[in-house]
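What would the 3D arrangement of this be:
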Amino acid sequence: MIPESFIQELLFRTDIVDLIDSYLPLKKAGANYVACCPFHSEKTPSFSVSPGKQFYHCFGCGAHGTAIGFLMEYSGVGFIDAIKDLAGRAGLRIPEDEAREARGEAQSRHDAQNLSDITEAMARAAKFYYGQMKRSERAIAYLKARSVGGEVARKFGVGYAPDAWQNLNAEFENYASPVLQAAGLVIRSDQGQLYDRFRDRIVYPIFNQKGEVIAFGGRVIDVGEPKYLNSPETPLFEKGREVYGLPQARAALREKNTAIVVEGYMDVIALSQHGVENAVATLGTATTEAHVKKLFRQVDRVVFCFDGDNAGRKAAWKALENVLESLVEPKTVGFAFLPDPEDPDSFVRARGKDAFERLIAQATPLSEFLLRELSSRGDLSSAEGRAALVSAAGPLLKRLRSPLLRLQIVRRLGDVSGFTAQEIERHCGLPPIAQASPARVPRRNYSVWNRLFRLLLQKPELAYQLPPGFFEDASETPEASEASETSAAPPESGAVKSLCETIFAAKGGAVPSCAALLESARGTANESFFSEAAAELIAAPFVEDDIETEFAGALERLSEARRKRDFETLQKKVARMGINGLSAEEKSGYLKLVTRGKEPKES
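Here you go, the predicted structure:
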């Protein structure tokens, strides 16, 4: 992992306003900056950026985060790549992490060099295959027969691997280099002979978000098996996470706010050739949750376009199962089925762009597809069939994170099955809808720990005013003491403790920024609590002149709660054992509490 101190320094040197403004124009609105949210469609700006907290939050769709989070969501890159991007902008060099230091700097340099070498090898191979395409009349004829022009072929870097065993020997000085095998370009046989993975195939480079070639897909020109051949998984490539054509489609995705997911490379290329630029494809594997999350970072609507045969419907059902946990308002999913035996390539060539886009616009909504498929599996004219329908829907409804969509499906399920919505929810063990969207519930009456957390997040230096031993024995409120004999501290106290530990651990005693504190919670159990608090502080921060008073009041209330709990504990002991049953120290404390008025006053 990257050292926490480096992340704090990186965020200190990064101005989130400048960063986001380089991607979309921001306008000053009071203490913050606003814009129309890049993560969902809207006409009135609800996307707010706080220069003081170095945090963004959309009050429409709930998107939020720091500069690191913005790059991850907007560009679709991972955490490490976002760090590298920001470090490059800030002119900082990422230090070696502790794990690498433990393995030794030599091994770390070797790993980094190996990745760099594989990336370079993939780029050289892509250039080689692209050059071979220009020299092969047979390959060019194949693309022309599929109505693929030169401009689109260049856009996707389409190449050709000649019909020979060691084509890449002409491109690489050391054909036996382990790098070529690690990249999946060259295979060593059981007899020790080396040969190219891709031979006599149209080659489709697969790019990552940074535009680097990370893998290839190959298709036979005439007949042969396998018809499609992908690169194996490598240090650069994990097929269950990558989407073909995403970098090329990014501009169209933002414009259309819809991603069309098809099954093959040629489907994407053919659609692009005919002006449908917002299509992508999975890489020879069923749609995964990682695919869906990556697409929902770019758009609000995803339409899966499959063949209308049984195989296409099975693929669509698998996609439905994997999208449920990523589907939250305002995200939507649809399913478009082509008439048999068409595929997107043949359909758009035969009927044109307008007909295809009408098909996508009229795609079957997820709710309708789900109910239609489940209904087709049983006899709804019988009580048994209707009961089986509800039972089959239960596990899917449990996974659905969109509360409003779930409610609609439950009501329609009730219409079909004859059960009431309440009966369906009870039978399926569905939690109440009200629990599904806690971020939308106003948080005005905070617990004292909740309030203390927000005060510290807005002004982290207050942590140094906490009394010694503050976290050793603290409870929530006097009310909590009455409710519980032990009065254990609530979950919020753990978030406060975690926040303070990060503040105290800051390098050189510097006070971390709000953004750095939020990043420290990434991937932890407290992440959502930190983010919700920051979002609420953007909307309603504490008045700066009142923070010290608010902080002192919170500490006094916690102290009063502790005194009351101690008093109640001693009172119960006296009732059982008498005053002589107390130790000298307990007697002294008991007398002090009694002199305060029998029991502590509540604030």
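
going forward, measure contacts between C-alpha atoms and count neighbours the same way
Will do.

Give me the phi and psi angles of Gly149.
phi -90, psi 170 (degrees, to the nearest 10).

That one: what's it in contact with?
Shown in contact with Gly149 (Cα atoms under 8 Å, 6 or more residues apart in numbering): 143, 273.

go on, Ala515?
Taking Cα under 8 Å, 6+ apart, one finds 11, 53-55, 66 in contact with Ala515.

Could you dump those into TSV and include distance to Gln273?
Converted to TSV, the contacts of Ala515 look like this (distance: Cα to Cα, whole Å):
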residue	distance to Gln273
Leu11	42
Lys53	45
Gln54	42
Phe55	40
Thr66	38
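
so which of the residues you listed is the most crowded?
Ranked by the number of neighbours (other Cα atoms under 10 Å), the contacts of Ala515 place Phe55 first, at 27 neighbours.

Now that residue: closest residue in space, sequence neighbours ignored.
Thr66 (4.7 Å; Cα to Cα, 6 or more residues apart in numbering).

Thought Ile16 was touching that neighbour, still the case?
Yes - using Cα atoms under 8 Å, Thr66 is in contact with Ile16, at 7.3 Å.

residues bridging contact with these two, i.e. touching both?
The contact sets of Thr66 and Ile16 overlap at 54-55 (Cα under 8 Å, 6+ apart).

coming back round to it: any idea how far Val496 is from the residue nearest to Phe55?
Distance of Thr66 to Val496, computed by Cα to Cα, to the nearest Å: 20 Å.

Surely Arg201 touches Gly224?
No - Arg201 lies out of contact with Gly224 (Cα under 8 Å); the separation is 10.0 Å.

about what we covered before: now the contacts of Ala515 in CSV, with secondary structure?
As requested, the contacts of Ala515 are arranged in CSV below (DSSP: H, G, I helix; E, B strand; the rest coil):
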residue, secondary structure
Leu11, helix
Lys53, coil
Gln54, coil
Phe55, strand
Thr66, coil
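
Switch those residues over to TSV; also include pLDDT and distance to Gln132.
Output for those, formatted as TSV (pLDDT from 0 to 100; distance: Cα to Cα, whole Å):
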residue	pLDDT	distance to Gln132
Leu11	86	46
Lys53	86	53
Gln54	89	50
Phe55	90	49
Thr66	92	45
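
wait, which of these is closest to Ala388?
Nearest to Ala388 out of the contacts of Ala515 is Thr66 (Cα to Cα; 46.5 Å).

Now Val292. Nearest residue, chain neighbours left out?
Val323 (6.2 Å).

Which pLDDT value does the model give the one you found?
Listed pLDDT for Val323 reads 91.

now do Gly217
So Gly217 comes in at 93 (pLDDT).

Where does pLDDT dip in this protein?
Within the chain, the ranges that satisfy pLDDT under 70 run 1, 96-113, 432-446, 472-490, 507-510, 587-603.

And it, split by domain according to the record?
4-90, 105-230, 246-369, 377-439, 448-595 (automatic domain parsing).

now these as JSON lines including distance to Phe237?
Listed next are the domains of the chain as JSON lines, based on distance: least, Cα to Cα, whole Å:
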{"stretch": "domain 4-90", "distance to Phe237": "13"}
{"stretch": "domain 105-230", "distance to Phe237": "6"}
{"stretch": "domain 246-369", "distance to Phe237": "11"}
{"stretch": "domain 377-439", "distance to Phe237": "29"}
{"stretch": "domain 448-595", "distance to Phe237": "23"}
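
Among those domains, which comes closest to Leu236?
Closest among the domains of the chain, using Cα to Cα: domain 105-230, at 5.6 Å.

from the chain's centre, how far out does that closest one sit?
Offset of domain 105-230 from its chain centre (Cα atoms, centre = their mean, to the nearest Å): 31 Å.

ok, back up a step: out of the domains of the chain, the one nearest Lys239 is which?
domain 246-369 (6.0 Å).

Show the end-to-end separation of the closest one, please.
Its start and end residues considered, domain 246-369 measures 26 Å (Cα to Cα).

For the remainder of this discussion, apply numbering that starts at 54.
Okay, residue one is now 54; in that scheme the one you just asked about reads as domain 299-422.

how about the residue lying closest to Phe472 once chain neighbours are set aside, secondary structure?
Excluding its sequence neighbours, the residue lying closest to Phe472 (Cα to Cα, 6+ apart) is Leu466, at 7.9 Å. Using three-state DSSP, the secondary structure recorded for Leu466 is helix.

which ones are touching Leu466?
Per Cα under 8 Å, 6+ apart, neighbours of Leu466: 424, 443, 472, 474.

and it, how far is that from Leu458?
12 Å.

Kindly report the same for Cys481.
16 Å.

Let me know the helix or strand that Ala389 is in.
Assigned by DSSP states H and E, Ala389 belongs to strand 385-391.

What lies in contact with that strand?
353-361, 365, 369, 397, 400, 412-413, 415-419, 422.

Among the residues you listed, the buried ones, what's the ChimeraX command?
Selection of buried members from the contacts of strand 385-391 for ChimeraX, criterion 16 or more other Cα atoms under 10 Å:
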select :353,354,355,356,357,358,359,360,361,365,369,397,400,412,413,416,417,419,422
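
Nearest the middle, which residue of this protein would you pick?
Lys346 (5.9 Å; Cα atoms, centre = their mean).

Now do the contacts for that one.
Contacts of Lys346 (Cα under 8 Å, 6+ apart): Ser379.

if I look at it, how far off is Val376?
8 Å.

can you give me the strands in the stretch 54-203 of the chain?
80-82, 85-88, 100-103, 108-111, 117-118 (DSSP state E, counting those that start in this stretch).

Do I have it right that Cys553 meets Ala516?
Yes - contact criterion Cα under 8 Å: Cys553 and Ala516 qualify, at 6.1 Å.

Tell me which stretches of the stretch 354-503 of the chain form helices.
Secondary structure of the stretch 354-503 of the chain by DSSP state H, counting those that start in this stretch: the helices cover 363-376, 397-404, 406-414, 419-428, 436-452, 456-470, 474-481, 501-511.

which residues touch the second one?
This means helix 397-404. Taking Cα under 8 Å, 6+ apart as the rule, helix 397-404 contacts 200, 315, 319-321, 323-324, 327, 358-359, 391, 408-409.

Give me the angle between it and helix 406-414.
On the basis of axes from the mean of the first three to the mean of the last three Cα atoms, to 10 degrees, helix 397-404 is oriented at 130 degrees to helix 406-414.

Can you point out the buried residues in helix 397-404?
Of the residues in helix 397-404, those buried (16+ other Cα under 10 Å) are 397-402.

and if you look at the longest one?
Applying a neighbour-count criterion of 16+ other Cα under 10 Å, one finds 438-443, 446-447, 449-452 buried in helix 436-452.
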